[in-house]
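> Starting from these lines, generate the structure:
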Amino acid sequence: MSDEVQVVHVIEGVNPEVHWPHGRQHCGKYSQETHASLYCANCYCLVCDEPAPCCPEWTEHCKATDTDPTWRAIISEVKKYKGRKVLREFQGGMYAGEVKDCWYCEADNKLYYRVLYDDNDKDDLEETELLRGMETRKQAIWDKIRELTKYFGGRRVAKMFEAKPYLGIVQHCWYDEKDETYRFQIYYELDKDREDVDEDDVFEMLKCYDALLLHKN
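All right, here's what the predicted structure looks like:
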């Protein structure tokens, strides 16, 4: 027999399924079976993993339970794809969007992924369409990186710091997924330092370099 003693602290008057954050299915104030759409101050959406008031699909997500195979599949897919960006061609135009949700269609016996586009339009895609949209976006980013690197790569730039000019050269372009911004790595020859700047900064540094040349001449 183990000599270890487990100590359990019980706080009088506190119900974890009411007073502490919990999934909607475990709410001790509103039964999911009889009042699914209702929620207490500590209810969380099981699908979005956010407080219930923040869930954009609460009319459906309030029914989610981790004991149901379909909901488990939806939760897994949302964790896998939510927030992923896509680029889709439609009627000759390219539309950027973001995966917001996943839902199950009983008629088709399929999962669909709800995408919100930049023009506030929505679309429900099958996984093959979603993956194609993600790949299209990836290819578009690489095409843009090659284009920008070809245009800016090797160009001389300069910036002023504490009234002193620093000369550099644009080495390559890369895409910052977090900020959704194209950035350029600048190599400063004198102090052998490197810096990443955005496109607006590159143009300003090109102007600064040209101004230094004019001043020198």
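> Can you tell me the SS state at the spatially closest residue to Leu87 that is not a sequence neighbour?
Among residues not flanking Leu87 along the chain, Arg137 sits closest, at 3.6 Å (Cβ to Cβ, 6 or more residues apart in numbering). (Glycine included, C-beta is placed from N, CA and C.) Three-state assignment for Arg137 (DSSP: H, G, I helix; E, B strand; the rest coil): helix.
> which residues touch Arg137?
Contacts for Arg137 (Cβ atoms under 8 Å, 6 or more residues apart in numbering) come out as Lys85, Val86, Leu87, Ala96.
> Show me where this structure has its helices.
With DSSP state H as the criterion, the chain has helices at 16-19, 58-61, 69-81, 127-152, 199-216.
> tell me the angle the longest one makes with helix 199-216.
Read it as helix 127-152. Angle, helix 127-152 to helix 199-216, by axes from the mean of the first three to the mean of the last three Cα atoms, to 10 degrees: 0 degrees.
> what's the average pLDDT for helix 127-152?
On average, the pLDDT along helix 127-152 is 96.
> and what of the first one?
Within the predicted structure, the mean pLDDT of helix 16-19 is 75.
> buried residues in it?
Within helix 16-19, the residues that count as buried by 16 or more other Cβ atoms under 10 Å are Val18.
> Identify the residues contacting it?
When contacts are defined by Cβ under 8 Å, 6+ apart, helix 16-19 is touched by residues His22, His26, Cys27, Gly28, Lys29, Cys40, Asn42.
> Then the second one?
The set of residues that contact helix 58-61 without belonging to it, under Cβ under 8 Å, 6+ apart, is Arg24, Ser37, Tyr39, Cys45, Leu46, Val47, Cys48, Ala52, Cys55, Trp103.
> Distance check, the residue nearest the centre of the chain against Asn42.
For the chain, the residue nearest the mean C-alpha position is Gly83 (4.2 Å; Cα atoms, centre = their mean). Gly83 sits 25 Å away from Asn42, going by Cβ to Cβ, to the nearest Å.
> and what of Gly153?
On the measure of Cβ to Cβ, Gly153 and Asn42 end up 54 Å apart.
> Same question for Cys208.
The gap separating Cys208 from Asn42 is 55 Å, by Cβ to Cβ.
> Domains in the chain, by residue range?
16-64, 79-146, 153-216 (automatic domain parsing).
> ok, and which of those domains has the densest surroundings?
Stretch with highest mean neighbour count among the domains of the chain: domain 16-64 (a mean of 17; mean count of other Cβ atoms under 10 Å).
> circling back to that earlier point, isn't the residue nearest to the centre of the chain up against Asp101?
No - the criterion here is Cβ atoms under 8 Å, and Gly83 misses it with Asp101 at 10.9 Å.
> can you pull up the bridge partners for the residue nearest to Leu206 when sequence neighbours are not counted?
When the adjacent residues along the chain are set aside, Leu206 lies closest to Val157, with 5.6 Å between them (Cβ to Cβ, 6+ apart). Val157 has the following beta-bridge partners by DSSP bridges: Gly168.
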